[in-house]
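Q: Build me a structure from this.
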Amino acid sequence: TTGASACTSCPAGYSCSDASTTPAACALGTYAPASSTVCENCAAGTYSDAINSSACTSCPAGSYCPTGSSAPHACLAGTYAIAGLESCIVCPAGYSCADATQSPSPCSAGYFSP
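A: Residues are numbered from 1 along each chain as shown. This is a model prediction of the structure:
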């Protein structure tokens, strides 16, 4: 075999830590823009559900995404999350969180939520 006549930029979604080897695909929960030497973990509040990702996606409302997430995790009952959060928020006393994708609603007169 013969050597290459020019160097090629590492493609987005891959890492090129060794200039003499084939680019390595980024794993789930990681990403790399073009010309990267390493794949980075998705930041808290984002996720990557595919290999070879060039960017991470914002976590949807009603879900949370810790650092390096490969998928959003649904909030548990009694918690909520607006889009792009690392963790779900516990519903405060005196409010209802029936819909984990919405901000808490105050209890109506004559009702309570401890």
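
Q: give me every residue that touches C75.
A: Neighbour list for C75: 62-64, 81, 88, 100 [criterion: C-beta atoms under 8 Å, 6 or more residues apart in numbering]. For every residue, glycine as well, the C-beta is placed using N, CA and C.

Q: which of those residues are buried?
A: Burial by neighbour count, judged by 16 or more other C-beta atoms under 10 Å, picks out 62-64, 81, 88, 100 from the contacts of C75.

Q: which of these sit farthest apart?
A: Y64 and A100 (9.8 Å; C-beta to C-beta).

Q: quick one: low-confidence ranges for this structure?
A: For the chain, the stretches with pLDDT under 70 are 1-3.

Q: quick one: the strands in it?
A: 14-15, 24-25, 30-31, 40-41, 46-47, 57-58, 63-64, 73-74, 79-80, 89-90, 95-96, 105-106 (DSSP state E).

Q: Packing partners of the first one?
A: Read that as strand 14-15. strand 24-25 (3 or more C-beta pairs under 8 Å, 6 or more residues apart in numbering; DSSP states H and E).

Q: who does the strand it packs on pair up with?
A: Here strand 24-25 has these sheet partners by DSSP bridges: strand 14-15 (antiparallel).

Q: what's in contact with the strand it pairs with?
A: Residues outside strand 14-15 that contact it (C-beta under 8 Å, 6+ apart): 23-26, 32, 36-39, 52.

Q: repeat that for 6 Å
A: The contact list for strand 14-15, computed with C-beta atoms under 6 Å, 6 or more residues apart in numbering, reads 23-25, 32, 36, 38-39.

Q: Between the residues you listed, identify the one with the most neighbours.
A: A32 (25 neighbours; other C-beta atoms under 10 Å).

Q: just to revisit the earlier point, now, which of the buried ones among the contacts of C75 sits nearest P11?
A: S63 (29.5 Å).

Q: Relative to Y47, how far out is the residue nearest to the closest one when sequence neighbours are not counted?
A: Leaving out its chain neighbours, the residue that sits closest to S63 by C-beta to C-beta, 6 or more residues apart in numbering is P72, at 3.5 Å. Computed as C-beta to C-beta, to the nearest Å, the P72 to Y47 distance reads 6 Å.
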